[in-house]
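When you get a sec, could you give me coordinates for this:
(chains A and B)
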Amino acid sequence: EDQVTQSPEALRLQEGESSSLNCSYTVSGLRGLFWYRQDPGKGPEFLFTLYSAGEEKEKERLKATLTKKESFLHITAPKPEDSATYLCAVQPAGGSQGNLIFGKGTKLSVKP
Amino acid sequence: DTGVSQNPRHKITKRGQNVTFRCDPISEHNRLYWYRQTLGQGPEFLTYFQNEAQLEKSRLLSDRFSAERPKGSFSTLEIQRTEQGDSAMYLCASSLPRQGIEAFFGQGTRLTVV
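Here you go, the predicted model:
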């Protein structure tokens, strides 16, 4: 069964304290892996798409990496405005072209 | 604003009533998706359209749920005879019709069934 597991469930950081969020996946082939940011009461906001092992994408303080079994979202010198839930999703190659499978997310809190 | 638009943002209804939500996708996107999200969970896939054709429905989409996308533009999601377990955030997303392409989400409709 296709599955996405994110860890930790929650992460508290001090401003400037770098860390990484993990997304482990089990799929029958991978069309794409996606990272989203979600603020309370709002819809997910697209961050990155990764397609193959070894690929990396960066945006401001965020960097996403991909291996054959997991992806990491590295946060460098985070600021309080980076506080949000970060969601990972995969689109399996063997399944529906419309179905993204999401993890439960990592809730990040950055204290000043 | 050229993003995905959902209306209403919030809906409170009594158990047993019918509700309808609307989604207007990004104009050049011909794929449209509906997801449901409950507290502390990631979004769960409900259904998706390519143009006006509904190509897949999740087993989560019981016979009380129906979605339409007339003329391949906006979409509606109707829930008949609402139950308390239907309380959730209903999210709409749209994308271009390519494999592995990212989907862009609207702000969602928060449904509360009392």
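
can you list the residues of chain B near chain A?
For chain B, the residues in contact with chain A under the definition Cβ under 8 Å from any Cβ of the partner chain are B:4, B:6, B:31, B:33, B:35, B:40-45, B:47-48, B:50, B:55-56, B:58, B:91, B:93, B:99-108, B:110. For the C-beta atoms, the positions are set from N, CA and C on the backbone; glycine is no exception.

Filter the residues you listed down to the buried ones.
Of the members of those, the ones counted as buried by neighbours, 16 or more other Cβ atoms under 10 Å in any protein chain shown, are B:4, B:6, B:31, B:33, B:35, B:42-45, B:47-48, B:50, B:56, B:58, B:91, B:93, B:100-108, B:110.

Which of the residues of chain B next to chain A fall in strands?
For those, the ones inside strands are B:6, B:31, B:33, B:35, B:44-45, B:47-48, B:50, B:55-56, B:91, B:93, B:104-105, B:110, with DSSP state E as the criterion.

so who does A:Ala10 touch?
Contacts here follow Cβ atoms under 8 Å, 6 or more residues apart in numbering or on different chains; on that basis A:Ala10 touches A:Thr106, A:Lys107, A:Leu108, A:Ser109.

Please apply the same query to A:Thr5.
When contacts are counted by Cβ under 8 Å, 6+ apart, A:Thr5 touches A:Cys23, A:Ser24, A:Tyr25, A:Gly103.

That one sits in which helix or strand?
For A:Thr5, the host element (DSSP states H and E) is strand A:3-7.

okay, A:Gln97: pLDDT?
At A:Gln97, the pLDDT value in this model is 66.

Then A:Lys79?
If you check A:Lys79, the pLDDT there is 98.

Any idea how many residues pack against it?
A count of neighbours around A:Lys79, defined by other Cβ atoms under 10 Å in any protein chain shown, yields 13.

doesn't A:Arg61 make contact with it?
Yes - contact between A:Lys79 and A:Arg61 holds when scored by Cβ atoms under 8 Å: they sit 7.3 Å apart.

and chain A, which residues reach chain B?
Taking Cβ under 8 Å from any Cβ as the criterion, chain A approaches chain B at residues A:4, A:31-32, A:34, A:36, A:41-46, A:49, A:51, A:87, A:89, A:91, A:96-105.

how about a cut-off of 7 Å?
Residues of chain A lying close to chain B (Cβ under 7 Å from any Cβ of the partner chain) are A:31-32, A:34, A:42-44, A:46, A:49, A:51, A:87, A:91, A:96-100, A:102-105.

Looking at the contacts of A:Thr5, spot the one nearest B:Gln84.
For B:Gln84, the closest of the contacts of A:Thr5 turns out to be A:Gly103, at 26.0 Å, with distances computed as Cβ to Cβ.
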